[in-house]
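Visitor: got a sequence here, can you build the structure:
(one chain, ligands or ions: 1)
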Amino acid sequence: MSNNLLSISDLTKKETLDLIEFASNFKNEDGSFRKEDLFPDKTVANIFCEPSTRTKSSFEIAARNLGCSVIDFDVANSSIEKGESIFETVDALSLMGVDLCVLRHPQSVIRDLAEYLPEMTFINAGEGSISHPTQALIDLMTIIEKKGSIDDLNILIVGDLDHSRVTSSFIEAISNFSFGSLTFSGHPAMCSSYQEPALGRYEPDLDLAIQEADVIMTLRIQYERFDKDLDLDLEEYKHSYQITTERLEMAKGDAIIMHPGPVNYIEISEAAYQSENSVIRDQIANGVAIRMAVLSRFLSS
Ligand code: CP
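Guide: Here you go, the predicted structure:
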């Protein structure tokens, strides 16, 4: 296994499945997480140059559960604000004894950082619109928990695909697996890279696409990544692409609804979020278990 988790393709299928199994061992029956003082000598720095709730907090909880010291690096009040580059920032943290950096950054800097500082371990916690490997592990873990495996499953991903690092890492992850089918749906202006996908197919009519789906992964509109104003009628958008309980009536009864969060209630209704088909809150909890597994593996390597 590589020293870093930069993208999901750093993991073989076996390593992916082993990590998911390892993560499930960190979950207790009552929903809490095992706490083990496995790495009392290790220091993890959480460097988030973009906002985050789930990823940042779950990495912090995971690191503390494993007995690590954690630096919640405050980017807004750091010397990055005085013009210091991320390279000098991470080098300084390395000299102070940080062993592993969890990095979320709007640009693709993590590979260059890993080359610049080969003694540091890097975990990608979100790279612009490019990749989000630990989210893909969470999504796979949740599907396997709920459905047993992804074999034969028809997977539907709907929403703002063009800006979704969650989608690209998930596709990378499942490309090593066999599954039933993969369908992309959503507003054509947000799915320009998915009209003729290398894997799967595009179906603009969500009412058709949803009928066969076993897994419905819905994604918010990432307004922060559009470089021009979206001329979008939100009511029309919801009419065509929102996951609602009415739309769920067209799907298989045991279809699961997933969402990486944060939810805006444009792409999914509150009732659908709260429906018994929704596993969105399980995904959030699995975030801690997956990050405990990832930190354990990469702090040991
Ligand atoms: N899924 C995800 O990355 O959520 P946050 O942006 O809240 O970390």
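Visitor: helix or strand next in line after the strand or helix carrying residue 142, which one?
Guide: When secondary structure is defined using DSSP states H and E, the element that contains residue 142 is helix 133-147. Secondary structure here is assigned by DSSP H and E; on that basis, the next helix or strand after helix 133-147 toward the C-terminus is strand 154-158.
Visitor: which other helices and strands contact that following strand?
Guide: Using 3 or more CB pairs under 8 Å, 6 or more residues apart in numbering; DSSP states H and E as the contact test, the elements touching strand 154-158 are helix 165-174, strand 181-185, helix 206-209, strand 215-218. The C-beta positions use only the backbone N, C-alpha and C, and glycine is treated the same way.
Visitor: for residue 264, find the nearest of those.
Guide: Minimum separation from residue 264 across the helices and strands packed on strand 154-158 (CB to CB) falls at strand 215-218, 10.4 Å.
Visitor: which positions in that closest one come out as buried?
Guide: By neighbour count, and taking 16 or more other CB atoms under 10 Å as the criterion, the buried residues in strand 215-218 are 215, 216, 217, 218.
Visitor: what are the contacting residues of that strand?
Guide: By CB atoms under 8 Å, 6 or more residues apart in numbering, the surrounding residues in contact with strand 215-218 are 139, 143, 147, 153-159, 166-167, 170, 210, 243, 251, 255-259, 267-268.
Visitor: near the ligand at all, it?
Guide: No. Looking at strand 215-218 against the ligand by CB under 6 Å from any ligand atom, there are no contacts, and the closest approach is 11.8 Å.
Visitor: check the offset of that strand from the chain's centre.
Guide: In this view, strand 215-218 has its centroid 13 Å away from the chain centroid, taken as CA atoms, centre = their mean, to the nearest Å.
Visitor: tell me the helices and strands packed up against the lengthiest helix in the chain.
Guide: For the chain, the helix that runs over the most residues, judged by DSSP state H, is helix 280-300. Contact partners of helix 280-300 among helices and strands, from 3+ CB pairs under 8 Å, 6+ apart: helix 13-24, helix 54-65, strand 100-105, strand 121-127, helix 133-147, strand 256-258.
Visitor: out of these, which gets nearest to the ligand?
Guide: With respect to the ligand, and counting by CB to the nearest ligand atom, the nearest of the helices and strands packed on helix 280-300 is helix 54-65 at 3.3 Å.
Visitor: for the closest residue to residue 166 other than its chain neighbours, give me its contacts.
Guide: Once flanking residues are discounted, residue 166 sits nearest to residue 260: 4.6 Å by CB to CB, 6 or more residues apart in numbering. Contacts here follow CB under 8 Å, 6+ apart; on that basis residue 260 touches 54, 132, 135, 138, 139, 166, 219, 283.
Visitor: now the spatially closest residue to residue 268 that is not a sequence neighbour: phi and psi?
Guide: Of all residues not flanking residue 268 in the chain, residue 243 sits nearest, at 4.5 Å (CB to CB, 6+ apart). When read as degrees, to the nearest 10, the backbone of residue 243 gives phi -80, psi 120.
Visitor: from here on, call the first residue 23.
Guide: From this message on, residue numbering opens at 23, which makes the last subject residue 265.
Visitor: could you redo the helices and strands packed on strand 176-180 as a markdown table and give each row mean pLDDT?
Guide: Supplementary listing: those in a markdown table, determined by pLDDT from 0 to 100:
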| stretch | mean pLDDT |
| --- | --- |
| helix 187-196 | 97 |
| strand 203-207 | 98 |
| helix 228-231 | 98 |
| strand 237-240 | 98 |
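Visitor: and among these, the most buried is which?
Guide: Ranked by mean neighbour count under mean count of other CB atoms under 10 Å, those are led by strand 237-240, which reaches a mean of 26.
Visitor: okay, that one in CSV with CA atoms only?
Guide: What follows is the C-alpha trace of strand 237-240 in CSV, where atoms were taken according to Å, rounded to 0.1, in the frame of the first residue of the first chain:
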residue,chain,number,x,y,z
VAL,A,237,-29.1,2.8,-5.1
ILE,A,238,-30.1,6.4,-5.6
MET,A,239,-27.2,8.8,-5.0
THR,A,240,-28.3,12.4,-5.0
